[in-house]
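[1] Predicted model, plus sequence, below.
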Amino acid sequence: MFNSIIDIFKITELRNKILFTLGALAIFRIGAAIPLPGVNPQALKVLFDANRGGLLGFLDIFSGGAMSRLSILALGIMPYINASIIMSLLQGAHMIPYLDQLAKEGESGRRKINQITRYATLLLATIQSIGLTTMIMHMPVRGQESVVMDTSFRFIFLTVITLVTGTMFVMWLGEQITEMGIGNGISLLIFAGIVDRLPGSIRNFFQLIYAEELGFITALILIVIIAATVVGVVWLETAQRRIPVQYAKRIIGRRMYGGASTFLPLRVDTAGVIAVIFAVSLLTAPLTILQFFPNATWAQKISSFWTPGTGLYEILYAGLIIFFCYFYNSIILNPQDLADNMKKWGGFIPGIRPGEPTAKYIQYVLERITIGGALAVVVVAILPDLLRKWFNAPFYFGGTTILIAIGVALDTVGQIESHLLMRHYEGFAKDIKIKGRWFNIR
């Protein structure tokens, strides 16, 4: 393990990528700590402490604490994610022929779609920044003065411009990490915010135990549940359904090719953290509308049941996760293409005829493992809400954040390992021999 870490810094390109990524994440964390001018920090703290278990607390996690500080990056990356969802749904539903045409143009079409996504991000960021500014100006804070000390048009204009600029900067930073760094930039920004809050959550947890506000048995049960969740998420993110594939022997000239046995790996959770992030983004979309009416009775009623822990919210959350798991699979994996490629190179699944029957079999297997993986993700995602309801858990670090953190970490480690193996260095994976059989462990 230590040799692999040392090898990382022997490769100039990989070392520069990692250092660039760390530098970009440091800039993001610095920006998340710079507050907006004209905001009462004491009143803001009271407001978020009162809504820590609600939707505001949930959004604060995905902004890396920037929203609870009302920093210049308070909106975080959510507008970009929402814009990406809209573009993906429009392409998947084939509602706009122009987007379908761009998708068929290869790299040039992808760049144009990305440009349209950026414009959509700008529009959504403007709407959400106006809504957030309206909310903090009118939302009452118990026992404190107003969150905003200046309600003039000048404050509104400067706040909206600052929040929109912050979102566009975060979007640009994520794209730079993806292009010049290591890993997926957008996911790494969310990962950085989650990890940044982890030490504080652990410290508060043990402080409650020391102050006897949390029973020892209850704390022990929570620790066991979280540890089991971490193990389960690691298994879920690495689990595969391996379909055996046999390649027929072919004679070309005087040489014989093929005849090898291999397998087609299908991940149980192909969507990974994408389904959870997309589901959270859609669930937070109604909050943008409610922010424009902070004192309206109907808006307060909707907010009362549009909160994590309520039945309607959890049902919608679970349904969206399952939907995006299948939706992502339909975009990434095409059983017909897989079957055609196998047939082209003389491959077949034992017991299944090549061509259409192979495509149907792959589709059948994919649908079965996807529902299992999606349900497992749902259980992990709603776990923090159940912990607060059953055990009065005093923290908001649970299944969703663990799923995102572990998924992003495994993906980043996988990319680092591919760089090492490509340059003939030993990766993080080790081969061990048990009872005469070789196993590959990570």
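    Received, thanks.
[2] how many other residues sit next to Thr12?
    When counting by other CB atoms under 10 Å, one arrives at 8 neighbours for Thr12. (C-beta placed from N, C-alpha, C; glycine too.)
[3] quick one, phi psi at it?
    Thr12 adopts backbone torsions of phi -60, psi -50, taken as degrees, to the nearest 10.
[4] Same check on Gly183?
    Dihedral pair for Gly183: phi 90, psi 180, per degrees, to the nearest 10.
[5] Quick one: neighbours of the nearest residue to it once chain neighbours are set aside, just the number.
    Distances taken as CB to CB, 6 or more residues apart in numbering put Thr412 closest to Gly183, at 3.9 Å, once the chain neighbours are dropped. Residues near Thr412, counting by other CB under 10 Å, number 19.
[6] Does Thr412 lie in a helix or a strand, and which?
    helix 399-422 (DSSP states H and E).
[7] I'd assumed Gly181 was in contact with the residue nearest to Gly183.
    No: the pair Thr412 and Gly181 fails to qualify as a contact (CB atoms under 8 Å) at a distance of 9.7 Å.
[8] what residues are shared contacts of those two?
    Leu188 (CB atoms under 8 Å, 6 or more residues apart in numbering).
[9] can you tell me the average pLDDT over the top helix by length along the chain?
    Longest among the helix segments of the chain by residue count, using DSSP state H, is helix 107-138. Model confidence over helix 107-138, given as mean pLDDT, is 86.
[10] following it, which helix or strand shows up next?
    As assigned by DSSP H and E, the chain's next helix or strand after helix 107-138 is helix 153-180.
[11] picking that back up, ok, residues contacting the helix holding Thr412?
    4, 7-8, 11, 13-14, 18, 61, 182-184, 187-188, 190-191, 194-195, 226, 229-230, 233-234, 237-238, 272-273, 276-277, 280, 377, 379-384, 426-429.
[12] Quick one: residues contacting Ile186.
    Shown in contact with Ile186 (CB under 8 Å, 6+ apart): 77, 80-81, 174, 178.
[13] and these as a markdown table, adding neighbour count?
    Formatted as a markdown table, the contacts of Ile186 follow (neighbours: other CB atoms under 10 Å):
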| residue | neighbour count |
| --- | --- |
| Ile77 | 27 |
| Tyr80 | 27 |
| Ile81 | 24 |
| Gly174 | 23 |
| Thr178 | 16 |
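[14] Gly355: neighbour count?
    14.
[15] make that Pro350, sorry
    Pro350 has 9 neighbouring residues, counting by other CB under 10 Å.
[16] Which residues are in contact with it?
    Residues in contact with Pro350 (CB under 8 Å, 6+ apart) are 244, 246.
[17] one more time with 6 Å
    Residues near Pro350 by CB atoms under 6 Å, 6 or more residues apart in numbering: Gln246.
[18] separation between it and Ala227?
    Going from Pro350 to Ala227 by CB to CB, to the nearest Å gives 40 Å.
[19] so where's the stretch 201-350 of the chain uncertain?
    Along the stretch 201-350 of the chain, segments meeting pLDDT under 70 span 249-259, 288, 291-292, 294-295, 309.
[20] show me where it has helices.
    216-238, 274-290, 297-305, 311-332, 335-344 (DSSP state H, counting those that start in this stretch).
[21] Of those, which stretch is the most buried?
    Of all the helices of the stretch 201-350 of the chain, helix 274-290 has the most neighbours on average by mean count of other CB atoms under 10 Å, namely a mean of 20.
[22] picking up where we left off before, please produce CSV containing the contacts of Ile186, extended by distance to Leu36.
    Converted to CSV, those look like this (distance: CB to CB, whole Å):
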residue, distance to Leu36
Ile77, 18
Tyr80, 20
Ile81, 22
Gly174, 21
Thr178, 28
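[23] Among the residues you listed, which pair sits farthest apart?
    Farthest-apart pair in the contacts of Ile186 is Ile81 and Thr178; separation 13.9 Å (CB to CB).
[24] Name the helix or strand for Arg15, please.
    Applying DSSP H and E, one finds Arg15 within helix 12-32.
[25] Send me that helix as PDB with only the CA atoms.
    Extracted in PDB, the C-alpha atoms of helix 12-32 (Å, rounded to 0.1, in the frame of the first residue of the first chain):
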ATOM      1  CA  THR A  12       5.000  13.200 -13.200                       C
ATOM      2  CA  GLU A  13       1.600  13.400 -15.000                       C
ATOM      3  CA  LEU A  14      -0.300  11.600 -12.200                       C
ATOM      4  CA  ARG A  15       1.500  13.700  -9.500                       C
ATOM      5  CA  ASN A  16       0.500  16.900 -11.300                       C
ATOM      6  CA  LYS A  17      -3.100  15.800 -11.700                       C
ATOM      7  CA  ILE A  18      -3.400  15.000  -8.000                       C
ATOM      8  CA  LEU A  19      -1.700  18.200  -6.900                       C
ATOM      9  CA  PHE A  20      -4.000  20.200  -9.200                       C
ATOM     10  CA  THR A  21      -7.100  18.500  -7.800                       C
ATOM     11  CA  LEU A  22      -6.000  19.200  -4.200                       C
ATOM     12  CA  GLY A  23      -5.300  22.800  -5.000                       C
ATOM     13  CA  ALA A  24      -8.700  23.200  -6.700                       C
ATOM     14  CA  LEU A  25     -10.500  21.600  -3.700                       C
ATOM     15  CA  ALA A  26      -8.600  23.900  -1.400                       C
ATOM     16  CA  ILE A  27      -9.800  27.000  -3.400                       C
ATOM     17  CA  PHE A  28     -13.400  25.600  -3.200                       C
ATOM     18  CA  ARG A  29     -13.200  25.200   0.600                       C
ATOM     19  CA  ILE A  30     -11.800  28.800   1.000                       C
ATOM     20  CA  GLY A  31     -14.600  30.200  -1.100                       C
ATOM     21  CA  ALA A  32     -17.200  28.300   1.000                       C
END
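[26] and that helix with helix 399-422, angle?
    Relative orientation of helix 12-32 versus helix 399-422 (axes from the mean of the first three to the mean of the last three CA atoms, to 10 degrees): 160 degrees.
[27] Tell me which other helices or strands helix 12-32 touches.
    Counting contacts by 3 or more CB pairs under 6 Å, 6 or more residues apart in numbering; DSSP states H and E, helix 12-32 packs against helix 153-180.
[28] Just the terminal-to-terminal distance for stretch 33-44.
    End-to-end distance of stretch 33-44 (CA to CA, to the nearest Å): 14 Å.
[29] which of the residues in that stretch are buried?
    Using 16 or more other CB atoms under 10 Å as the burial criterion, the residues of stretch 33-44 that qualify are 36, 38-40, 43-44.
[30] mind putting these in CSV, secondary structure included?
    Formatted as CSV, the buried residues of stretch 33-44 follow (DSSP: H, G, I helix; E, B strand; the rest coil):
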residue, secondary structure
Leu36, coil
Gly38, coil
Val39, strand
Asn40, coil
Ala43, helix
Leu44, helix
